[in-house]
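Peer 1: Here you go, sequence then predicted model.
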Amino acid sequence: MEDLGIHIWTGQSGQKYRYTVYMFGTAFGPGPANYIFAHESRPGQYIPVYIGQTDDLSEPFDDHVALECIKQKRVTHIHVRHTDTREELRRAERSDLISASNPPCNPMR
């Protein structure tokens, strides 16, 4: 599993989050994380397509509606931030990033 460097995403709050960049399709070991499926529009420039959080990054992504959308948007990379095990902090980060970028494959809630 080779990482492709770090990308900084900024939330609606102004908070900056450091994510490690991997090719889409990379398999990960277990552990809590936030992640962003992204399309590389130009070298080093990413458009967020879907932003999520999980208790276990090694588990398969099972939102079939979002997965179909992700494929249609030609995702090229997954950005990962191994993070606090407390779900409420991961959810808050996810919401902050969704509010800033409004990714097309996140459900409207």
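Peer 2: Perfect, thanks for sending it. Remember, it's a predicted structure, so these values are computed and weren't measured experimentally.
Peer 1: By residue count, what's the longest helix in the chain?
Peer 2: Secondary structure of the chain read by DSSP state H shows that its longest helix is helix 87-101.
Peer 1: Residue ranges in the protein under the pLDDT threshold?
Peer 2: Within the chain, the segments meeting pLDDT under 70 span 1, 108-109.
Peer 1: let's see 90
Peer 2: Flagging of the chain using pLDDT under 90 yields the residue ranges 1-3, 60-64, 83-85, 107-109.
Peer 1: Now the residue most central in space within the chain: closest residue in space that isn't a chain neighbour?
Peer 2: Nearest to the geometric centre of the chain sits Ile36, at 1.2 Å (C-alpha atoms, centre = their mean). The spatial neighbour of Ile36 that comes closest, neighbours along the chain excluded (C-beta to C-beta, 6 or more residues apart in numbering), is His79 at 4.2 Å. Using the backbone N, CA and C atoms, a C-beta is placed for each residue, glycine as well.
Peer 1: pretty sure Lys16 contacts Trp9?
Peer 2: Yes - using C-beta atoms under 8 Å, Lys16 makes contact with Trp9 at a distance of 7.4 Å.
Peer 1: and those two? which has more neighbours close in?
Peer 2: For Lys16 versus Trp9, the count of surrounding residues by other C-beta atoms under 10 Å is larger for Trp9: 22 against 9.
Peer 1: from what I can see that one touches Ser99, true?
Peer 2: No - using C-beta under 8 Å, Trp9 and Ser99 do not qualify as a contacting pair, with a distance of 11.9 Å.
Peer 1: related to what we said a few turns ago, may I have the beta-bridge partners of the residue nearest to Ile36?
Peer 2: With beta bridges defined as DSSP bridges, His79 has these partners: Val21, Ile36.
Peer 1: Could I get the full set of helices for this protein?
Peer 2: 64-72, 87-101.
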